[in-house]
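Asker: return a 3D structure for these sequence lines:
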Amino acid sequence: MLESATPGRESEKPREYCGLCGVINCSDILEKAYLGLHSLQHRGQEAAGLMAGFDDGCRLHRGKGLVDDVFLNIPASWTHEEVSHAISHVRYSTAGGPAEMNAQPLMADLAGVAVGIAHNGTICNSIELLRQLQAEGAIFQTSSDTELVLHLIARCLSSRHNGDLWGALEEALRHLQGAYSFLLMTRDHMAAVRDPYGFRPLVIGAFPDGGWMAASETIALEVVGARYMREVEPGEIVIWEKNSDDIVSRHFAASPRRAHCIFEHVYFARPGSFVFGDSVYEVRKRMGRQLAAEWPVEADVITPIPDSGMYAGLGFAEASGIPFEMGLTRNHYVGRTFIQPGNLVSRHNMVRRKLHPINEALRGRRVCLIEDSIVRGSTSRARIQAIRDSGAAEVHMRVSCPPHRFGCWFGIDFPENSSLLANQYRENEMADILGLDSLGYLSREGMLSCVKAHPPEDYCCACFNGQYPVRPKNAEEIKDAEYVAG
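Answerer: Below you'll find the model as predicted:
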């Protein structure tokens, strides 16, 4: 997905753009697709969609809103018994226009074959490809970079592959640069694809009574009773056929190196998931323990920022011996608001609506807050002031990853470098700006020591050190592009 941060959208937290879930050759397809996608709601909250396969072809249903909102309105004619397979998608949109227009899956008729696609990631050379395809006469219906893939497949299918959809897909994928995990489907097949670097997670599970699921995280498999089998390998296409036990694996590219997104472990993935072979829960607790070793603190209580700092906070408390207290309570019913994010008074009030200090847990105490990341710092500053207002004697903060100094090209909505607080100030200056008595970040080496399934060099840390595994040719244009990521 090629979205860049939108001016005026001042979210303190970076956002993951998408989650994927596909199901084939089992009972209760719609129910399993719903439950699996619902477990991935944290990966995107603005739009959702489903494409289902029937004997007479494929049907598409999608719209703005949460999974529950969209699935509640599935046509009554879609009966469970008739659906043989389905792919589904949640997304978070930024600059590319109405969420409904860019909601996925996308579906197109390619040489008489209905093909659907859902995407998680960012195609880094999308603007270059867009211009090339438009010059050749392609007409685009959305502002999503995912539509590029359909156009590339159509071009390859008509020119060289004589109806071989998967051969055309392989050729199309070789034109792409950047991060992408795809689910595709036709009336008779479902396929899962992962880019050669393996930036974003994509896993495969099997049901005890037959059938398969592919999803962004293992938590989606667990909620529907599927057994984890393996990851889709970087540079691999996995194809399932309707009413068949056969699985076809095709490798369209060798992996130049692995570049798993470490921020999946820091923040995005659910703690109940295994991502890139490691338990997210265990990794976050290790990060907390490592943070305590690198940045000890004299404090009376360890208080996490809910919910993202919870598990690192547990690890920090265990390692330090300082009591763990839930000093902040979260209101889970605060949604989007009419309050304009640029208004600092409104921001302060919004922070208090979402996270409220518990005075009895904080008053008169030296408080150490555990946070997973600091982006712009405005929300953190309001939270810290609220904790001081509750009567805390001191407020310290420890962050379970290194400072974010660089934007992301690979499927995360980090703002441009100039909006990142750590890109503009040293850590002691940041502590003063945020109103802290002290601030400490986990080192990059310490962070990478907490993942065990792969060596440190297999992870992308570009948002921390600016060393991008793939640098888009149109990097400077991406910041202002009105062309959104899958």
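Asker: for the rest of this, base every contact and every neighbour count on C-alpha atoms.
Answerer: Noted.
Asker: ends of stretch 128-143, what's the gap?
Answerer: By C-alpha to C-alpha, to the nearest Å, the extent of stretch 128-143 from end to end equals 14 Å.
Asker: quick check: buried residues in that stretch?
Answerer: Buried residues in stretch 128-143, defined by neighbour count with 16 or more other C-alpha atoms under 10 Å: Leu129, Leu130, Leu133, Thr142, Ser143.
Asker: ok, now how distant is the residue lying closest to Cys21 once chain neighbours are set aside from Asp145?
Answerer: Counting by C-alpha to C-alpha, 6 or more residues apart in numbering, Cys21 lies nearest to Ala215, which is 4.3 Å off, once chain neighbours are set aside. Remark: distance between Ala215 and Asp145 (C-alpha to C-alpha) = 20 Å.
Asker: more crowded one of these two?
Answerer: Ala215 (31 against 28; other C-alpha atoms under 10 Å).
Asker: pLDDT score for the more buried one?
Answerer: Note on Ala215: pLDDT of 98.
Asker: that one touches Leu221, doesn't it?
Answerer: Yes: counting by C-alpha atoms under 8 Å, Ala215 does reach Leu221; the two are 7.3 Å apart.
Asker: shared neighbours of those two, anything?
Answerer: Gly36 (C-alpha atoms under 8 Å, 6 or more residues apart in numbering).
Asker: quick one: pLDDT of Thr379?
Answerer: Thr379 is given a pLDDT of 87.
Asker: for it, grab the count of nearby residues.
Answerer: 21.
Asker: now Trp295. Nearest residue, chain neighbours left out?
Answerer: Gly440 (6.0 Å).
Asker: how close does the one you found sit to Cys368?
Answerer: 10 Å.
Asker: more neighbours: which of those two?
Answerer: Legend: neighbour count by other C-alpha under 10 Å for Gly440 and Cys368, higher for Cys368 (28 against 23).
Asker: doesn't Ile305 make contact with the more buried one?
Answerer: No: counting by C-alpha under 8 Å, Cys368 does not reach Ile305; the two are 10.3 Å apart.
Asker: so who does Arg258 touch?
Answerer: With C-alpha under 8 Å, 6+ apart, Arg258 has these contacts: Pro196, Tyr197, Gly198, Phe199, Pro234, Glu457, Asp458, Tyr459.
Asker: any of these buried? List them.
Answerer: Pro196, Tyr197, Gly198, Phe199, Pro234, Asp458, Tyr459.
Asker: tell me the one of those nearest Leu328?
Answerer: Closest approach to Leu328 among the buried ones among the contacts of Arg258 (C-alpha to C-alpha): Tyr459, at 32.4 Å.
Asker: so who does that closest one touch?
Answerer: Applying C-alpha under 8 Å, 6+ apart, the residues near Tyr459 are Arg258, Ala259, His260, Cys261, Ile262.
Asker: how much space is there between it and Pro469?
Answerer: On the measure of C-alpha to C-alpha, Tyr459 and Pro469 end up 10 Å apart.
Asker: over to Val90?
Answerer: 26 Å.
Asker: show me what counts as buried in the strand ranked longest in the chain.
Answerer: Assignment by DSSP state E gives strand 113-123 as the longest strand of the chain. Across strand 113-123, burial judged by 16+ other C-alpha under 10 Å covers Val115, Gly116, Ile117, Ala118, His119, Asn120, Gly121, Thr122, Ile123.
Asker: low-confidence ranges in this protein?
Answerer: Within the chain, the segments meeting pLDDT under 70 span 1-17, 93-99, 333-353, 413-415, 472-486.
Asker: let me see the domain layout of this protein.
Answerer: If you go by automatic domain parsing, the domain ranges for the chain are 18-259, 271-460.
Asker: measure the last one end to end?
Answerer: Translated: domain 271-460. End residues of domain 271-460 are separated by 20 Å (C-alpha to C-alpha).
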